[in-house]
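>>> Compute the structure for the input listed below.
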Amino acid sequence: MISDIPWSRGEWTNQPAAVVEQEGDLLVTAAESSDAWRITSYGFIHDTEHALLAPFPQDSAMEVEFTAAFSQQFDQAGIFVRISAEHWVKAGVEFADGAAQLGAVVTDGFSDWSLAPVPKWNGERARIRISRQGDALTIRAASGRNELQLVRVVPLEPDLPAHAGPFTCAPTRAGLTVPFHSWRTTPPDSQLH
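Residues are numbered from 1 along each chain as shown. Here you go, the predicted structure:
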């Protein structure tokens, strides 16, 4: 069963520069230098992302839809899954090296980052779904009305409490506003492929 999550149900990890609800959408303006990263390659810890989180139980999926209109290095939005300050996942669209990229950062003490270029997604609606079932998170994504495609499978112990929801960051600039169009729970994807 698909169920919309009201924006008011979530709690922010870090308050955005501005939040406006408009005709059902949530317009979130990221603070300059907001980001989520731990140590790997860069040597710093950033935990200033704007993630609107609600409980993410086992045997469920969470899906977020937003417009990915990005223009500055590392503009980003998608879904954030938080287990703890040192154990979290973010997946979505990020503007890196001059193009929109579909990516995921998986962090367990240290962050890792995977990217695939999706230049045609910039300016389009993007949909990110993370299913939580068994010992894994399964990340899928699509643009527009296209079918969701597998992005990544991440290990996660079934009994760990987690929270998840929409997020955005603007590591290199002020003024990034992301329109989030929907936030919902769905049944988990029944198969990996």
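>>> drop to CA atoms for contacts and neighbour counts, all remaining ones
OK.
>>> For the residue lying closest to Asp59 once chain neighbours are set aside, give me its contacts.
In space, Asp59 comes closest to Gln133 once its chain neighbours are excluded; the distance is 4.7 Å by C-alpha to C-alpha, 6 or more residues apart in numbering. When contacts are counted by C-alpha atoms under 8 Å, 6 or more residues apart in numbering, Gln133 touches 58-60, 158, 188.
>>> Those: which two are farthest apart?
By the measure C-alpha to C-alpha, Pro158 and Pro188 form the most distant pair in those, at 13.6 Å.
>>> Among the two, which residue is more densely surrounded?
Neighbour count, other C-alpha atoms under 10 Å: between Pro158 and Pro188, Pro188 has more, with 19 against 16.
>>> Verify the contact between the more buried one and Ala136 for me.
No - using C-alpha atoms under 8 Å, Pro188 makes no contact with Ala136, being 11.0 Å away.
>>> What is the least confident helix or strand in the chain?
When the helices and strands of the chain are scored by mean pLDDT, DSSP states H and E, strand 45-47 comes last with a mean of 92.
>>> Could you list which residues are in contact with Gly134?
Counted by C-alpha under 8 Å, 6+ apart, Gly134 has contacts 58-59, 157-158.
>>> Equivalent analysis for Asp4, please.
Residues near Asp4 by C-alpha under 8 Å, 6+ apart: 182-185.
>>> Reformat the residues you listed as CSV; add pLDDT and neighbour count.
Shown next, in CSV, are those (pLDDT from 0 to 100; neighbours: other C-alpha atoms under 10 Å):
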residue, pLDDT, neighbour count
Ser182, 98, 18
Trp183, 98, 23
Arg184, 98, 17
Thr185, 97, 20
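>>> Those residues into a markdown table, with extra columns for secondary structure?
Formatted as a markdown table, the contacts of Asp4 follow (DSSP: H, G, I helix; E, B strand; the rest coil):
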| residue | secondary structure |
| --- | --- |
| Ser182 | strand |
| Trp183 | strand |
| Arg184 | strand |
| Thr185 | strand |
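>>> Run through the residues that contact the most centrally placed residue in the chain.
Central residue of the chain (C-alpha atoms, centre = their mean): Ile79, 2.0 Å from the mean position. By C-alpha under 8 Å, 6+ apart, the contact list for Ile79 reads 51, 63-64, 90-92, 128-130, 164-167.
>>> Which of the residues you listed fall in strands?
Among the contacts of Ile79, the members falling in strands (DSSP state E) are 51, 63-64, 90-92, 128-130, 164-167.
>>> Return the member of the residues you listed nearest to Gln73.
Nearest member of the ones in strands among the contacts of Ile79 to Gln73, counting by C-alpha to C-alpha, is Gly92, at 14.7 Å.
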